[in-house]
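**Q** could you look at this predicted model? Sequence included:
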Amino acid sequence: MTMIKLSCLIVVLVVICGALGGVDDLRAGVGKPAVQTVPKVMGWHPQRVADLRRQYQAGDDVVVEATEKLCRDADERLSLGPYTVTDKTFVPPSGDLHDYSTIGRYWWPNPETADGMPWIRRDGDTNPQYFDSGFGDTARFLELWRSTRLLAQAYYQTGDTKYSEKAANLLRVWFVDSSTRMTPHAKYAARFPGHWDGKSWGIHGTRHLADIADAVELLQGASAWTAELDEALRQWYSDYLDWLLTSENGMEERDTINNHSVSYDWLVIRMAVFVGRDDLARTILEEFKARRIAHQIELDGSLPAELNRAKPWRYEGYAMEFLFKVAIQGDRLGVDLWHYQTEDGRGIRPALDYIVQHIEPQPGQVDTHLLQEIGVKRIGPLLEIAASIYQEPDYMRLANLIGWESRLDINWAGPNPALVVGVSAP
């Protein structure tokens, strides 16, 4: 059977399933999709997301194949969870299991003392207890993020209610149900002996709330996603946002000068839009110019707070990714950070060029050690996005040189250039 016939058969089968009650958004037929809405997503280009669904409904071979892969991944999540902060065995200092809690990721017992005190920081070296579900909520929260993202994407693409029902249940348990909900703060994140109340760095571990907000926008219109659930979840986000803006930990994280401050802004901007505070989001974006670009990027484009770390190029690339994510938020709200530069030339593009010139110190030569530390999967998409934003083919040439393989239109999991900017690179 040819791929075209197989794709058409798949679409017809999904239409039949819809007629039997398996989908919320019934297809009108092959090549004749039902009226679609453009989701209010921020991390992806809204129209591009809607286009992918129309292409799937029309039987586009490539999109059908990618959607099948997406659904297989989502199917694996149907039997997992639900997840809740109340499942941990370590009780936070508050005595309340509803409080999100983790240990400091890079903090370890002192090997020089009998009792391990005081704990010491080993930058870049993760204490495995950070992911231990008994000691904290990191692993459960990451599973919630991965599951809701996949399930919401599969629902939006296919209309199959099994995905929306599962996603709605996961979100209800974590954020809404009184017996299992997380209290909207992260006061007890990044705790360790001597700092049992946690440190501001722990907020960084909740950054995936921005992606979960996008997942919720993909669930709009699903019968399982009720108005009551939507209102309750947005209220939770509003409360957490207020905590970020007013708490001691939140203000300390805001005032850092490394990738944490940039991811903090990304989270605040996304949450603000999610709860209807667009003016706050635009204010943060405008302040980003002086607070982050002018203050954290050097004249040569370097990010000194990252280069002073134990794994400098890993964090240089990591911070670059968050600079891009904030600029993408700016696109959605009419604030152009891509082309902003200070009078002395500091900007997002010079910061990228600093990395580029070190990855390729000589034409055609790649510093493989540095590239391995940054990661092809991190810098490759950023180069492709930059090629599109700045209309600079040389970024795409380098992406190809380092072995980045664009998964055009398809990859929902990472910073897919086509889904982010909505256009193909030159």
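**A** Arrived safely. Residues are numbered from 1 along each chain as shown.
**Q** where exactly do the strands run in the stretch 1-150 of the chain?
**A** Assigned by DSSP state E, counting those that start in this stretch, the stretch 1-150 of the chain shows strands spanning 101-103, 107-108, 120-121.
**Q** go through those strands and name the closest to Trp266.
**A** Nearest to Trp266, of all the strands of the stretch 1-150 of the chain, is strand 101-103, at 19.6 Å by CB to CB. All C-beta spots, glycine's among them, are computed from the backbone N, C-alpha and C.
**Q** what's that closest one packed up against?
**A** Contacts defined by 3 or more CB pairs under 8 Å, 6 or more residues apart in numbering; DSSP states H and E place strand 101-103 against strand 188-191.
**Q** strand partners (parallel or antiparallel) of the strand it packs on?
**A** strand 101-103 (parallel) (DSSP bridges).
**Q** quick one on the thing from earlier: how about the strands of the stretch 1-150 of the chain, which one is nearest Gly276?
**A** Nearest to Gly276, of the strands of the stretch 1-150 of the chain and by CB to CB, is strand 101-103 at 29.6 Å.
**Q** same question for that closest one, mean pLDDT?
**A** With pLDDT averaged residue by residue, strand 101-103 scores 95.
**Q** contacts for that strand?
**A** Residues from elsewhere that reach strand 101-103 (CB atoms under 8 Å, 6 or more residues apart in numbering): 85, 88, 90, 92, 127, 129-130, 135-138, 188-192, 198, 202, 205.
**Q** can I get stretch 359-370 as PDB, trimmed to CA atoms?
**A** This file holds the C-alpha atoms of stretch 359-370, laid out as PDB (Å, rounded to 0.1, in the frame of the first residue of the first chain):
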ATOM      1  CA  ILE A 359      32.400  26.900  17.900                       C
ATOM      2  CA  GLU A 360      34.000  27.700  14.500                       C
ATOM      3  CA  PRO A 361      37.300  29.500  15.300                       C
ATOM      4  CA  GLN A 362      38.500  29.000  11.700                       C
ATOM      5  CA  PRO A 363      36.300  28.600   8.600                       C
ATOM      6  CA  GLY A 364      35.200  25.000   8.400                       C
ATOM      7  CA  GLN A 365      36.800  24.000  11.700                       C
ATOM      8  CA  VAL A 366      34.700  23.000  14.600                       C
ATOM      9  CA  ASP A 367      35.800  23.000  18.300                       C
ATOM     10  CA  THR A 368      34.400  19.500  19.000                       C
ATOM     11  CA  HIS A 369      35.000  19.700  22.800                       C
ATOM     12  CA  LEU A 370      33.200  23.000  23.100                       C
END
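**Q** gap between that stretch and the chain center?
**A** Centroid separation for stretch 359-370 versus its chain: 29 Å, with CA atoms, centre = their mean, to the nearest Å.
**Q** also stretch 70-81?
**A** The chain centroid and the centroid of stretch 70-81 are separated by 19 Å, computed with CA atoms, centre = their mean.
**Q** in which helix or strand does Gly317 reside?
**A** helix 312-333 (DSSP states H and E).
**Q** so what are the domain limits for the chain?
**A** Domain assignment for the chain by automatic domain parsing gives 1-255, 258-426.
**Q** span of stretch 209-225 from start to end?
**A** 18 Å (CA to CA, to the nearest Å).
**Q** that one: which residues count as buried?
**A** Neighbour counts over stretch 209-225 (16 or more other CB atoms under 10 Å) mark 209-219, 222, 224-225 as buried.
**Q** show me which of those is closest to Asp96.
**A** Using CB to CB, these come closest to Asp96 at Leu209, 19.9 Å.
**Q** check contacts around the closest one.
**A** For Leu209, the contact set (CB under 8 Å, 6+ apart) comprises 237, 240, 267, 270-271.
**Q** got a markdown table for these, with pLDDT, secondary structure and neighbour count too?
**A** Converted to a markdown table, the contacts of Leu209 look like this (pLDDT from 0 to 100; DSSP: H, G, I helix; E, B strand; the rest coil; neighbours: other CB atoms under 10 Å):
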| residue | pLDDT | secondary structure | neighbour count |
| --- | --- | --- | --- |
| Tyr237 | 98 | helix | 20 |
| Tyr240 | 98 | helix | 24 |
| Leu267 | 98 | helix | 25 |
| Arg270 | 98 | helix | 27 |
| Met271 | 98 | helix | 23 |
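**Q** counting by contacts, list what the helix or strand hosting Ala418 packs against.
**A** Assessed by DSSP H and E, Ala418 sits inside helix 417-421. If you count contacts as 3+ CB pairs under 8 Å, 6+ apart, helix 417-421 packs onto helix 46-57, helix 312-333, helix 376-389.
**Q** contacts for the helix or strand following the helix holding Gly317, please.
**A** Next helix or strand after helix 312-333 toward the C-terminus (DSSP H and E): helix 348-359. Outside helix 348-359, the residues that touch it by CB under 8 Å, 6+ apart are 293, 297, 300-303, 313, 316-317, 320, 323-324, 327, 337-341, 366-367, 370-371, 374, 379, 382-383, 386, 390, 395, 398, 402.
**Q** check which residues of helix 348-359 are buried.
**A** For helix 348-359, a neighbour-count test (16+ other CB under 10 Å) marks 348-356, 358-359 as buried.
**Q** ok, the residue of the chain most remote from its centre to Trp44 distance?
**A** Distance from the C-alpha centroid of the chain peaks at Ala114, with 40.8 Å (CA atoms, centre = their mean). In this view, Ala114 and Trp44 are 52 Å apart by CB to CB, to the nearest Å.
**Q** do the same with Arg122
**A** Computed with CB to CB, the distance linking Arg122 and Trp44 is 36 Å.
**Q** number of nearby residues for Leu337?
**A** Leu337 has 21 neighbours, counted by other CB atoms under 10 Å.
**Q** sorry, back to before: out of the contacts of strand 101-103, which are buried?
**A** Buried by 16+ other CB under 10 Å: 85, 88, 90, 92, 127, 129-130, 135-138, 188-192, 198, 202, 205, out of the contacts of strand 101-103.
**Q** all helices of the stretch 51-200 of the chain, in order?
**A** 61-75, 138-158, 161-175 (DSSP state H, counting those that start in this stretch).
**Q** rewinding a little: relative to Tyr56, which of the strands of the stretch 1-150 of the chain is closest?
**A** Closest to Tyr56 of the strands of the stretch 1-150 of the chain, according to CB to CB: strand 101-103, at 38.1 Å.
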